[in-house]
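**Q** Turn this into a structure:
(one chain, ligands or ions: 2)
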Amino acid sequence: MDPALAAPTSNGPPASPAAIPPAGAASPAAIPPAELDVELDRAMTEHYVEGRRGMRSLVSTSLLVALAAGVALLPAWPPARRVLGVELKTTLPLAAVSALSIVHAAIAFGRVGGRGRWYRVAEHVESLCSVSCGVALVYLSGSAASVFWIYFLLFIADSWNNPRDVGIHMGLFGLASAALAGAFGARGALTDVAIAGSIGVLGAVCIYAFASSARHRLRGEAERRILRARLEGLLVERERDRIARDLHDGVAADLSTLLWRATELKAAVAAAGNGEATSIVDELVSDARSSLDELRAIVFALRVSGGTWDDLRAELRTRVARLCAGSLRCEIAFHDDADAAEVPVDVRVHVVRIVQEGVRNAARHARAQVVRVELERGADDVVVRVADDGEGMPEGALEASRGGLANIAKRAELLGGAASWTYDGGTRLVVTLPLRAPR
Ligand SMILES: Nc1ncnc2c1ncn2[C@@H]1O[C@H](COP(=O)(O)OP(=O)(O)OP(=O)(O)O)[C@@H](O)[C@H]1O
Ligand SMILES: [Mg+2]
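**A** Ligands and ions are numbered 1, 2, ... in the order given. Reported below is the predicted structural model:
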């Protein structure tokens, strides 16, 4: 127990306020690779979806279709036909297939968004169509030095928006150039083999360079995001620490002295044989002691922050055991593995407070025999359950609450989660808290 907050004895004043042990603040150490990977993956997905939003707009889709139509119609102009080496009857169907795949991808994006399965499939179909049309047109033009390589330009440009799919892009580009080199080689056109091979290598290098650069940039953004979140956590932590210290060294120390004096006064009044005054001072001592206890609980609650999942488990066990004195039996279960990873500061504080309030309510209001606390940690969120076998909450208790229940709901809302209470042979509180702060 903290000496400054300990009840005084009649032998003398309480010890001077001792330093509060340092809070388990989130350390600003290096970012764990796994955390960075998750954040990087998220940044790449967001960047990809944002990029697609522009590319799949009505204007961009129309421009892409117009480009396909323009390429298809080029042979209608005799001088262009001579340079391109293909007829309108070849370009038209191929460009139509390509344009249809572009429109299909735009419709899929509009319906299911950039993360939808339909869209992902539509995008791969579109890539295959572009590559096949490009390969066919370059080959049918009779020379590897063909303007129809333009079909492959999109892959290179896209690597900037979508560094995740660098493997697919390089694979498709490599396959297309290899197929062309092979086809020209079968004809004995060695110059074309060399051109197709060179363009293939050049294109693959460009895709890789673009994707690496984009990945590097997004990695930097992800790092900054993590560090900003940590910094915010540390600032909150420091402020909480300051409040706890002020309460401890100021109000708690004064209250402690008051209690000591009241205890002395009680002894003096008792010695004087004044029974009525003794009982009044006795009440005063007891009130001062419970106020000090409450203040001590607040100071220690303020210091609940930082720490690992293992610390949180230990913390919950201690607090729940403390609340479950008497006939109330408490069970606590954790549905996750032991883990030395750090808990986001906010999540830890809210989980502790929610469990405390849930159990305290069960102990105070439910007339329950058993309270069961469960903590289940998923990849993206943590679920807290507090269930009792008591008589259930009165109708409208949540709406009327200005205290514990309202605070639980508010805590869930602050973290972007949700809280619900149901009656299931007792009150069953379920709170889901995301492990990432809402943006
Ligand atoms: N587990 C429970 N079982 C039965 N009734 C409950 C339970 N939890 C809450 N209640 C009812 O809901 C009411 C509101 O609860 P709430 O926690 O908001 O306030 P409180 O516990 O009365 O006071 P405090 O502000 O100190 O928490 C309680 O007064 C009680 O009637
Ligand atoms: Mg309450």
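
**Q** any idea which helix or strand carries residue 327?
**A** Element membership for residue 327, per DSSP states H and E: none, as it lies in no helix or strand.

**Q** Model confidence for it, exactly?
**A** Per-residue pLDDT puts residue 327 at 81.

**Q** isn't it right next to residue 370, touching?
**A** No. Applying C-beta atoms under 8 Å as the test, residue 327 and residue 370 come out as separate, 10.2 Å apart. For glycine as for every other residue, the C-beta is placed from the backbone atoms N, C-alpha and C.

**Q** quick one, which of these two is more surrounded?
**A** Between residue 327 and residue 370, counted using other C-beta atoms under 10 Å, residue 370 has the larger neighbour count: 15 against 9.

**Q** partner residues bridging that one?
**A** Beta-bridge pairing for residue 370 (DSSP bridges): residue 329.

**Q** which ones are touching it?
**A** 328, 329, 330, 331, 388, 389 (C-beta atoms under 8 Å, 6 or more residues apart in numbering).

**Q** make it 10 Å
**A** 324, 328, 329, 330, 331, 362, 387, 388, 389, 390, 426 (C-beta atoms under 10 Å, 6 or more residues apart in numbering).

**Q** what's the answer for residue 121, then?
**A** So residue 121 contacts 104, 105, 108 (C-beta under 10 Å, 6+ apart).

**Q** Could you do residue 119 as well?
**A** By C-beta under 10 Å, 6+ apart, the neighbours of residue 119 are 49, 52, 56, 104-113.

**Q** ok, the residue in the chain that ligand 2 sits nearest to to residue 134 distance?
**A** Closest residue of the chain to ligand 2, C-beta to the ion: residue 404 (2.7 Å). Between residue 404 and residue 134 the computed distance is 66 Å (C-beta to C-beta, to the nearest Å).

**Q** Let's see the pLDDT reported for residue 34.
**A** 79.

**Q** which ones are touching it?
**A** residue 341.

**Q** Mind listing what's buried along the helix or strand where it lies?
**A** Residue 34 belongs to helix 33-55 when assigned by DSSP H and E. By 16 or more other C-beta atoms under 10 Å, the buried positions in helix 33-55 come out as 38, 39, 40, 43, 44, 47, 48, 49, 51, 52, 55.

**Q** Surely residue 422 is within a strand?
**A** Yes. Counting by DSSP: H, G, I helix; E, B strand; the rest coil, residue 422 is part of a strand.

**Q** From the contacts of residue 121, which land in helices?
**A** 104, 105, 108 (DSSP state H).

**Q** can you put those in JSON lines and add pLDDT, distance to ligand 2 and neighbour count?
**A** Output for the ones in helices among the contacts of residue 121, formatted as JSON lines (pLDDT from 0 to 100; distance: C-beta to the ion, whole Å; neighbours: other C-beta atoms under 10 Å):
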{"residue": "104", "pLDDT": "96", "distance to ligand 2": "56", "neighbour count": "18"}
{"residue": "105", "pLDDT": "96", "distance to ligand 2": "54", "neighbour count": "26"}
{"residue": "108", "pLDDT": "96", "distance to ligand 2": "50", "neighbour count": "22"}
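
**Q** Mind jotting down where the helices sit in the stretch 251-400 of the chain?
**A** 253-271, 275-302, 309-323, 345-365, 397-400 (DSSP state H, counting those that start in this stretch).

**Q** tell me the most buried of those?
**A** Among the helices of the stretch 251-400 of the chain, ranked by average contacts under mean count of other C-beta atoms under 10 Å, first place goes to helix 345-365 (a mean of 22).

**Q** Next SSE downstream of the worst-scoring helix or strand of the chain on mean pLDDT?
**A** One helix or strand of the chain scores below all others by mean pLDDT, DSSP states H and E: helix 150-161, with a mean of 82. Following helix 150-161 in sequence order, the next helix or strand is helix 166-186 (DSSP H and E).

**Q** Farthest-apart pair in the buried residues of helix 33-55, please.
**A** Pairwise distances across those peak at 25.9 Å for 38 and 55 (criterion: C-beta to C-beta).

**Q** tell me how far stretch 247-262 is from the chain's mean position?
**A** 43 Å (C-alpha atoms, centre = their mean, to the nearest Å).

**Q** Let me see the mean pLDDT of that stretch.
**A** Rounded mean pLDDT across stretch 247-262 is 88.

**Q** got it, and stretch 180-188?
**A** On average, stretch 180-188 scores 95.

**Q** List the neighbours of it that are in contact with it.
**A** Contacts of stretch 180-188 (C-beta under 10 Å, 6+ apart): 134-136, 138-139, 142-144, 146, 149, 189-200.

**Q** and the helix holding residue 34 with helix 150-161, angle?
**A** 130 degrees (axes from the mean of the first three to the mean of the last three C-alpha atoms, to 10 degrees).

**Q** any idea which helix or strand comes after helix 33-55?
**A** That would be, after helix 33-55 and using DSSP H and E, helix 58-73.

**Q** List the buried residues in that next one.
**A** Applying 16+ other C-beta under 10 Å to helix 58-73 flags 61, 64, 65, 67, 68, 69, 71, 72 as buried.

**Q** Take those and write them to a markdown table, including distance to residue 349 and pLDDT.
**A** Formatted as a markdown table, these follow (distance: C-beta to C-beta, whole Å; pLDDT from 0 to 100):
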| residue | distance to residue 349 | pLDDT |
| --- | --- | --- |
| 61 | 48 | 95 |
| 64 | 50 | 91 |
| 65 | 54 | 93 |
| 67 | 55 | 88 |
| 68 | 56 | 88 |
| 69 | 60 | 92 |
| 71 | 60 | 86 |
| 72 | 63 | 89 |
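
**Q** now the stretch 251-400 of the chain, which segments are flagged as low pLDDT?
**A** By pLDDT under 70, the low-scoring segments of the stretch 251-400 of the chain are 301, 304-306, 338.

**Q** ok now do the closest residue to ligand 1 within the chain, which residues does it touch?
**A** Nearest residue of the chain to ligand 1 (C-beta to the nearest ligand atom) works out as residue 403 at 1.9 Å. By C-beta under 10 Å, 6+ apart, the residues touching residue 403 are 357, 361.

**Q** Repeat that for residue 280.
**A** Per C-beta under 10 Å, 6+ apart, neighbours of residue 280: 266, 269, 274.

**Q** what does residue 71 give?
**A** So residue 71 contacts 84, 91, 94, 95, 98, 99, 133, 137, 147, 148, 150, 151 (C-beta under 10 Å, 6+ apart).

**Q** Now restrict the residues you listed to buried residues only.
**A** 84, 91, 94, 95, 98, 99, 133, 137, 148, 151.

**Q** Pick out the most distant pair among those.
**A** 84 and 99 (18.0 Å).

**Q** Thanks a lot, see you next time.
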